[in-house]
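Mind looking at a prediction? Sequence and model below.
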Amino acid sequence: MLFFMNLLGVLIVIGIVYLVSPNKKNVKWKSIGILVAVEAFITWFMLGTKIGTWTIDRIASFFTFLISCADQGISFVFPSVMANERIDFFFSALLPIIFIITFFDILSYFGILTWIIDKVGWVISKISGLPKLESFFSIQMMFLGNTEALAVIRQQLVVLKENRLLTFGIMSMSSISGSIIGAYLTMVPAQYVFAAIPLNCLNALLLASMLNPVNVSKEDDIVYMPPKEERKDFFSTISNSMLVGIKMVIVILAMVIGYVALTACLNGILGFIVHGLTIQKIFSYVFSPFAFLLGLSGHDAMYVASLMGIKIATNEFVAMMDLKTHLASLPRHTIAVATTFLTSFANFSTVGMIYGTFNSILGEEKSSIIGKNVWKLLLSGIGVSLLSAMLVGLFVW
């Protein structure tokens, strides 16, 4: 019975997103069906075979290597901070952006990244029937994180029309960053973290294609290559990349501080009206029906619903720390769906991070497309987390 509730949940989430889509007639159901089938296979491959786990672990190791290189630079400037057992979010997650942007800009300078975007995007787009750049971006988000992934393709973004820019904003709600995978693994089981990563990226592509379906002509479905006369010399290019990176760090930092502070302020106001009431508690009741659709019942359903509320209102770290203290007493299925749901950046502060990134890359006028469609970003982020958790739940009992 619980298995069929879990399966029904997949259909209900897709159905809800379709109902609120402002452009239902352009939704490509064939692409959606293919993506769901591919995700089911990936979930089985990841959780049911040793080679699947090994493959993702090797990919993750490469991005962890990039973060370790970034840490070397940060340690040179802040040696006492990086020597601490617990490192602040600013140093562990934000400052590595400077190096990651520079590294991938070097790949772009020599045409390597452009070639990868074109070829990998072509493969995914052939499978899904969706545009190449969006298809590649879904894969790129697996370990880069939303801000880093957007920065890496910023030359592509500046030439896109507004309707396609919104797609990248919607998809960006469902990524994680390679720099925090290690932190996740200290709190929750690794296999479900690694299973969530590719599922989130493909589900982001799936739901974005429903919430903001666009028809891209063959002429527009290309990877932009800057003219040779626009290219600077190598050292000017990497120096500019570093300056772009630090600007982005400052913008994102301001957005995160502001949104977390606003949440605390709102909780204070709610607590004054009703003692003990918080935005997290409100969300836990809102999400309780979906917790039951994860194949959960009774106390487990309400507990996972509360974790959902904590994640959306604050962040996944707070929720994972709570889950860590209950792992020994929870069934395997409950741990699997809870961990998968929590493995993404989908919360209120992430909207601010995405807006800040768009603002720093594209300017205020183009970034307004994010401010006008916040509800689509939030719906996508929550929907992707639910879909990924439901798919994992089907294979773990």
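That came through fine.

contacts and neighbour counts: CA atoms only from here.
Noted.

pLDDT on the helix or strand where Ser385 lies, on average?
Assigning secondary structure by DSSP states H and E places Ser385 in helix 374-395. The average pLDDT for helix 374-395 rounds to 90.

Gly393 touches Ala336, doesn't it?
Yes. The criterion here is C-alpha atoms under 8 Å, and Gly393 meets it with Ala336 at 6.5 Å.

list the buried ones in the helix holding Ser385?
When burial is assessed from 16 or more other C-alpha atoms under 10 Å, helix 374-395 yields the following buried residues: 374, 376-394.

which regions of the stretch 201-350 of the chain lie under the pLDDT threshold?
Screening the stretch 201-350 of the chain residue by residue with the criterion pLDDT under 70, one finds the ranges 217-231.

the helices in the stretch 1-150 of the chain, which residues?
Assigned by DSSP state H, counting those that start in this stretch, the helices in the stretch 1-150 of the chain fall at 2-20, 29-48, 50-77, 79-82, 89, 96-109, 112-128, 132-144, 146-152.

okay, those in CSV with mean pLDDT next?
Supplementary listing: the helices of the stretch 1-150 of the chain in CSV, determined by pLDDT from 0 to 100:
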stretch, mean pLDDT
helix 2-20, 87
helix 29-48, 85
helix 50-77, 81
helix 79-82, 82
helix 89, 71
helix 96-109, 81
helix 112-128, 73
helix 132-144, 75
helix 146-152, 75
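
So for Leu206, which of those helices sits nearest?
Distance to Leu206, taken as C-alpha to C-alpha, is lowest for helix 29-48 among the helices of the stretch 1-150 of the chain, at 6.0 Å.

starting at the chain centroid, how far to that closest one?
In terms of C-alpha atoms, centre = their mean, to the nearest Å, the gap separating the centre of helix 29-48 from the centre of its chain is 18 Å.

so what's Leu185 closest to, chain neighbours aside?
What sits nearest to Leu185 in space, not counting adjacent residues and going by C-alpha to C-alpha, 6 or more residues apart in numbering, is Val193, at 7.6 Å.

so how far is Val337 from that neighbour?
The span separating Val193 from Val337 equals 10 Å under the rule C-alpha to C-alpha, to the nearest Å.

my guess is Val304 meets Phe292, correct?
No. With the criterion set as C-alpha under 8 Å, Val304 and Phe292 do not qualify as a contacting pair; they are 9.3 Å apart.

With neighbour numbers in mind, choose between these two.
In this comparison of Val304 against Phe292, neighbours counted by other C-alpha atoms under 10 Å, the higher total goes to Val304 at 28 against 20.

which ones are touching the more buried one?
With contact taken as C-alpha atoms under 8 Å, 6 or more residues apart in numbering, Val304 is in contact with 291, 334, 338.

I'd like those residues as TSV, with neighbour count appended.
As requested, the contacts of Val304 are arranged in TSV below (neighbours: other C-alpha atoms under 10 Å):
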residue	neighbour count
Ala291	29
Thr334	24
Ala338	30
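
quick one: which of these is nearest Leu130?
Within these, proximity to Leu130 (C-alpha to C-alpha) peaks at Ala338, which comes in at 29.9 Å.

Quick check: next helix or strand after the helix or strand hosting Thr334?
For Thr334, the element it lies in under DSSP H and E is helix 332-342. Of the helices and strands lying after helix 332-342 in sequence (DSSP H and E), the nearest is helix 348-362.

Relative to Ile369, how far out is Leu342?
Here the distance between Leu342 and Ile369 works out to 27 Å (C-alpha to C-alpha).

that older thread, with neighbour numbers in mind, choose between Val193 and Val337.
The neighbour comparison of Val193 against Val337 (other C-alpha under 10 Å) goes to Val337, with 28 against 20.

Surely that one and Val392 touch.
Yes. Counting by C-alpha under 8 Å, Val337 touches Val392, with 6.5 Å between them.

from memory Ile282 sits against Gly309, does it?
Yes. At 7.4 Å, Ile282 and Gly309 qualify as touching, with contact defined as C-alpha under 8 Å.

So for the two, which sits in the more crowded spot?
Counted by other C-alpha under 10 Å, Ile282 and Gly309 do not tie: Gly309 has more neighbours, with 26 against 14.

correct me, but the more buried one touches Ser288?
No. Gly309 lies out of contact with Ser288 (C-alpha under 8 Å); the separation is 9.5 Å.

Not counting sequence-adjacent ones, nearest residue to Ala70?
By the measure of C-alpha to C-alpha, 6+ apart, the closest residue to Ala70 outside its immediate chain neighbours is Pro96, 5.2 Å from it.
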